[in-house]
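[1] give me a model of this one.
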Amino acid sequence: MRLETGRASRRLGIGLTPLIDVVFILLLFFMLASSLTRLHAVPLVTGLGKTDASVQSPETHQTLLLRIRPDGALELAGNALPDHELTAALSRYRAEQAEPKLVVEPDDAVGLQRLLTVLDAVADAGLSVLRLQ
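    Model (predicted):
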C-alpha cells in the first residue's frame, strides 16, 4: 500500500547549464595555458620549386652530405662520425665556407626523434641553410 501526498511526482532531469559552464571554463583554461609559439623551430629549405643556379649548381658552393643510417649512426661526407663530434665538425665546416650548404639524408627506417636530434645539433652548429632529402 502506498501513501500519496497529493503531488504528482516529477522526474528530475539533469540541467545542461552547469555542464556548459564547465566546458567553457575548461576551454578558456586550455586556451590560456597553451603556448602557440614554436620555441625550437629549425629553418628548413626544401629546394622545391627553386630554379636559380645557386641552389642547383654544385660548382658555386660545396655541399656537405650528412647521412643518418638505419641504425641511427651518422655519416658526414662519407666518413663515420660519432654523435658528440657532429656539432664541432659542422662548426668547422661553417667556418671554412662562405655560404655553407648542408644536405641531411635520413634513411627511411630512421625515427623522427633521431632526425630532430640531428637537426638540433645542426642548428647548434650555426648552420641555418638546410636541405632535407
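[2] quick one: average pLDDT of the lengthiest helix in the chain?
    Criterion DSSP state H: the longest helix present in the chain is helix 16-33. Mean per-residue pLDDT for helix 16-33: 90.
[3] got a list of contacts for that helix?
    Where contact means CB atoms under 8 Å, 6 or more residues apart in numbering, no residue beyond helix 16-33 reaches it. Backbone N, C-alpha and C define where each C-beta goes, glycine included.
[4] using CSV, list the CA coordinates for it.
    Extracted as CSV, the C-alpha positions of helix 16-33 are listed here (Å, rounded to 0.1, in the frame of the first residue of the first chain):
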residue,chain,number,x,y,z
LEU,A,16,22.7,21.5,-19.1
THR,A,17,23.6,25.0,-17.9
PRO,A,18,26.2,23.9,-15.3
LEU,A,19,27.7,21.5,-17.8
ILE,A,20,28.0,24.2,-20.5
ASP,A,21,29.7,26.5,-17.9
VAL,A,22,32.2,23.8,-17.0
VAL,A,23,33.0,23.2,-20.7
PHE,A,24,33.6,26.9,-21.3
ILE,A,25,35.8,27.2,-18.3
LEU,A,26,37.9,24.2,-19.5
LEU,A,27,38.1,25.7,-22.9
LEU,A,28,39.3,29.0,-21.5
PHE,A,29,41.8,27.3,-19.3
PHE,A,30,43.4,25.3,-22.2
MET,A,31,43.4,28.3,-24.5
LEU,A,32,45.3,30.4,-21.9
ALA,A,33,47.6,27.6,-20.8
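[5] quick one: buried residues of it?
    Buried positions in helix 16-33, judged by neighbour count with 16 or more other CB atoms under 10 Å: none.
[6] equivalent analysis for stretch 82-95, please.
    With burial defined by 16+ other CB under 10 Å, the residues of stretch 82-95 counted as buried are 86-87, 89-90, 93-94.
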